[in-house]
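In: I'd like to go over a predicted model; first the sequence, then the structure.
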Amino acid sequence: MEGVVRRRPPEEGESYFMSMTDMMVGLLLIFIILLVYFALNLQTETEKLTGADNARAQMLEDLQQSLKDRGLQVQIDTTTGVLRLPDDVLFDKGRWELSGPGRTAVGKVAAALVEELPCYTTSPLCPDGQRKEHLIDAMFVEGHTDTDAMAGGMNNYELSVRRAETTFSMLQRLQPRLASFRNGTAGRSGSAPILSLSGYGPDRPVDARATEAAKRKNRRIDLRFLMQTPDAGLDADILRKDGR
């Protein structure tokens, strides 16, 4: 019949090609969505870590200023999270008992910690609504020595541990409230006091030279702060409790 146009049905190969194209486009879209999802998660985690580092740096600067106001000069390293107390401020050479000036210095450190740290922990000393987003996971009191051989049977590792233990105990004796500074709510899994101690002897020098000036730098007590990052558990509960 004239005027009637007949359409040719698509060939089987052409139909197969179109189906494969649709499937590849769909897979590509899924891949893009997953890529964006993981990129956003990575950005979020990076921001958490950066935020924790920034919070630690600010905390160390506040501690340094607080100690300066008390007449005690200390060094801080915001990259490694360390507040450094020179050995000659605390101990006589080769001794692990705090000297008179050393006890005074540790007393100033303890007072500064009680003043600056409560809101970086779950301490009840933190006023309502002022809890920090990034909390301290642990604060290590680290003992370090030089490489000079010890007399009297004690080696440098034992000396570093004894000095760390002496400083650790004196901090809490002079400021008992430090014992309440925890990295999580008491009774919860993983909750523990933030204060701990360790001794490294001569293994972690800040100056590897064999000069007397270098040895003086290496004989020291470090307060090393490790931060935790917020998650859906403890920190979220704390933030809700503080009304944020």
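Out: Received, thanks. Residues are numbered from 1 along each chain as shown.

In: every contact and neighbour count from this point should use C-alpha atoms.
Out: Noted.

In: stretch 95-103: how far from the chain's middle?
Out: 28 Å (C-alpha atoms, centre = their mean, to the nearest Å).

In: mind checking the end-to-end distance for that stretch?
Out: One end of stretch 95-103 sits 14 Å from the other (C-alpha to C-alpha, to the nearest Å).

In: so which bits of that stretch are buried?
Out: Across stretch 95-103, burial judged by 16 or more other C-alpha atoms under 10 Å covers 96-98, 102-103.

In: could I get those as JSON lines with pLDDT, secondary structure and distance to Leu226?
Out: JSON lines is the format used below for those (pLDDT from 0 to 100; DSSP: H, G, I helix; E, B strand; the rest coil; distance: C-alpha to C-alpha, whole Å):
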{"residue": "Trp96", "pLDDT": "93", "secondary structure": "coil", "distance to Leu226": "26"}
{"residue": "Glu97", "pLDDT": "95", "secondary structure": "coil", "distance to Leu226": "27"}
{"residue": "Leu98", "pLDDT": "96", "secondary structure": "strand", "distance to Leu226": "26"}
{"residue": "Gly102", "pLDDT": "96", "secondary structure": "helix", "distance to Leu226": "25"}
{"residue": "Arg103", "pLDDT": "96", "secondary structure": "helix", "distance to Leu226": "25"}
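
In: including distance to Thr167, could those go into TSV?
Out: Listed next are the buried residues of stretch 95-103 as TSV, based on distance: C-alpha to C-alpha, whole Å:
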residue	distance to Thr167
Trp96	9
Glu97	9
Leu98	8
Gly102	9
Arg103	9
